[in-house]
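Visitor: Structure for the following, please:
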Amino acid sequence: MKATRTFGVNTWVWTSPLTDRRLAELAPRVREWGFDVIELPVENVGDWDPGRAAKLLDSLGLSATLVVAMGPGRELVAAGGETIAATQDLLRRVVDASATVSSPVVAGPLYASVGRTWRMDDAERRACYEQVRDGLAPVVEHARAAGVTVAVEPLNRYETSVVNTVDQTLDALAGLPAEGCGVALDVYHMNIEEQDIPAAIRRAGDRIAHVQVCANDRGAPGADHLDWPGILTALDEAGYRGPLVIESFTGDNETIATAASIWRALAPSQDAIAVDGLSFLAGLSAGRHRTP
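Guide: Numbering: from 1, shown residues only. Here you go, the predicted structure:
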């Protein structure tokens, strides 16, 4: 059954960190372009006010999704008890922000800070995944009570060594309740790590809780070599009914540009990543184009 799609865009396309002022500037433009959803990054709790954001988005008829940035020291694995407890507390606060803006998900690589990598043999990996489950369990319990799903994102091999593929993520989450805990798919990382993206989507199946999209180089979806018809068909077959959210990054902020390796312009403008990406995805979903 073909899904009726909704489309979103992450404010990282334009700014970092998100603030109340920048959200007030961006949200009306996002709605005017035709997006249904605006994705709100939480780099630090308090950068933007959830109550104020909820009122703004409600006035515009926009829905929200949340992603959390896992900076240095945000760890649920291979870390001391105080660090893990502080990370769990942070994630619970992000869940609360998500509930305030009526976001159904908190997505991201919730297990470890981005860029942290180390080698693991099979036994060490099994122990690591047990730590993932133990670390996430109280956060998932809090999320379920708030009506929010924790969506765990695998990243490419250069950004983490914990989970890189759908299969690894499903393994790491085994035993955690599907209600309240799922997988966040990002086609940028999947293009690097999955041998067959549509097949990996089908394997994720009903554990898919969130989907982020962009071109293979982080530009606008459609300006690339990805098999978008195959990706959208696989999402339909997996039963995914959530939004497709365009995630890219601005090169104007040194910290985020370095973290995301944005060394050149990815489109004629940052607006074009959003507008052209939406036009392509909406057109493909409506059957107006067949190939990327």
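
Visitor: Test my guess that N156 contacts E193.
Guide: Yes - between N156 and E193 a contact is recorded at 5.6 Å, counting by Cβ atoms under 8 Å. For glycine as for every other residue, the C-beta is placed from the backbone atoms N, C-alpha and C.

Visitor: Where does pLDDT dip in this structure?
Guide: For the chain, the stretches with pLDDT under 70 are 1-3, 288-292.

Visitor: remind me, longest helix of it?
Guide: For the chain, the helix that runs over the most residues, judged by DSSP state H, is helix 122-146.

Visitor: ok now the helix or strand that contains L23, how far from the chain's centre?
Guide: Assigned by DSSP states H and E, L23 falls within helix 20-33. For helix 20-33, the separation from the chain centroid amounts to 20 Å (computed by Cα atoms, centre = their mean, to the nearest Å).

Visitor: Alpha carbons of it, in CSV - could you do that?
Guide: Taking C-alpha atoms only, helix 20-33 is exported to CSV below (Å, rounded to 0.1, in the frame of the first residue of the first chain):
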residue,chain,number,x,y,z
ASP,A,20,14.0,30.9,19.4
ARG,A,21,14.9,33.9,17.1
ARG,A,22,16.1,31.7,14.2
LEU,A,23,13.1,29.3,14.6
ALA,A,24,10.8,32.3,14.3
GLU,A,25,12.5,33.3,11.1
LEU,A,26,12.7,29.8,9.5
ALA,A,27,9.4,28.2,10.4
PRO,A,28,7.1,30.5,8.4
ARG,A,29,9.4,30.0,5.3
VAL,A,30,9.4,26.3,5.8
ARG,A,31,5.6,26.2,5.9
GLU,A,32,5.3,28.6,2.9
TRP,A,33,7.5,26.3,0.8
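
Visitor: which secondary structure elements does that helix contact?
Guide: If contacts are counted by 3 or more Cβ pairs under 8 Å, 6 or more residues apart in numbering; DSSP states H and E, helix 20-33 sits against strand 37-42, helix 50-60, helix 270-285.

Visitor: make it 6 Å
Guide: Secondary-structure packing of helix 20-33 (3 or more Cβ pairs under 6 Å, 6 or more residues apart in numbering; DSSP states H and E): helix 50-60.

Visitor: helices or strands up against the helix it packs on?
Guide: helix 20-33, helix 81-100.

Visitor: Mind listing what's buried along that helix?
Guide: Neighbour-count burial for helix 50-60, counted by 16 or more other Cβ atoms under 10 Å, picks out 50, 53-54, 56-57.

Visitor: And for stretch 67-85?
Guide: 67-70, 74-79, 84.

Visitor: any idea which of these is the one closest to T4?
Guide: V67 (23.4 Å; Cβ to Cβ).

Visitor: tilt between the helix holding L23 and helix 270-285?
Guide: Angle, helix 20-33 to helix 270-285, by axes from the mean of the first three to the mean of the last three Cα atoms, to 10 degrees: 40 degrees.

Visitor: Show residues contacting helix 20-33.
Guide: 9, 11, 15, 38, 48-49, 52-53, 56, 60, 62, 275 (Cβ atoms under 6 Å, 6 or more residues apart in numbering).
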